[in-house]
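**Q** structure of the sequence below:
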Amino acid sequence: MVTADISQLTAECNTWRQQMRNYREEFTQLKNQLRQIARKVTQKDQLTDVDHFENQFHIQLINIHDLKHSIRNHDLKATAEKMLRNGQVSDTTWAEHEQLFDDYQRLGHMLQELKTGFRNFIAKLN
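**A** Reported below is the predicted structural model:
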């Protein structure tokens, strides 16, 4: 592996971590929006939906945190490995990078579905 590849790995990790920060901010705002909505909801099925979204936002905020932490650890490992191996990282590290990318994409898709479901819930309330 060449140094340019390692720079790309680090750049991708930085991009993914920034996206995790953006997701955390966005879902914290959605959670706050849900709390405002919950004050006005009185029907049982709507209260069930509020509870569902409250739980999902909480779970996804944990998932965002965990993935961000995994990406950070991976980046640190790759950087250390690069220094120990004359500018190269192992195939195992590259495989971990690909797995993290899959996890990143899967989480992004899941978060998009949750946002869409929440928007539909809000639209039904109006």
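
**Q** which residue is nearest the centroid of the chain?
**A** Central residue of the chain (CA atoms, centre = their mean): Ile64, 3.6 Å from the mean position.

**Q** three-state assignment of Ile71?
**A** helix (DSSP: H, G, I helix; E, B strand; the rest coil).

**Q** who does the helix or strand of the chain with the lowest mean pLDDT touch, helix- and strand-wise?
**A** Lowest mean confidence among the helices and strands of the chain (mean pLDDT, DSSP states H and E): helix 3-38, at a mean of 92. Applying 3 or more CB pairs under 8 Å, 6 or more residues apart in numbering; DSSP states H and E, we find helix 3-38 packed against helix 44-84, helix 91-125. C-betas here are computed from N, CA, C, even on glycine.

**Q** buried residues, that helix. List them.
**A** Across helix 3-38, burial judged by 16 or more other CB atoms under 10 Å covers 6, 9, 12-13, 16-17, 19-20, 23, 27, 30-31, 34, 37.

**Q** what angle sits between that helix and helix 44-84?
**A** 160 degrees (axes from the mean of the first three to the mean of the last three CA atoms, to 10 degrees).
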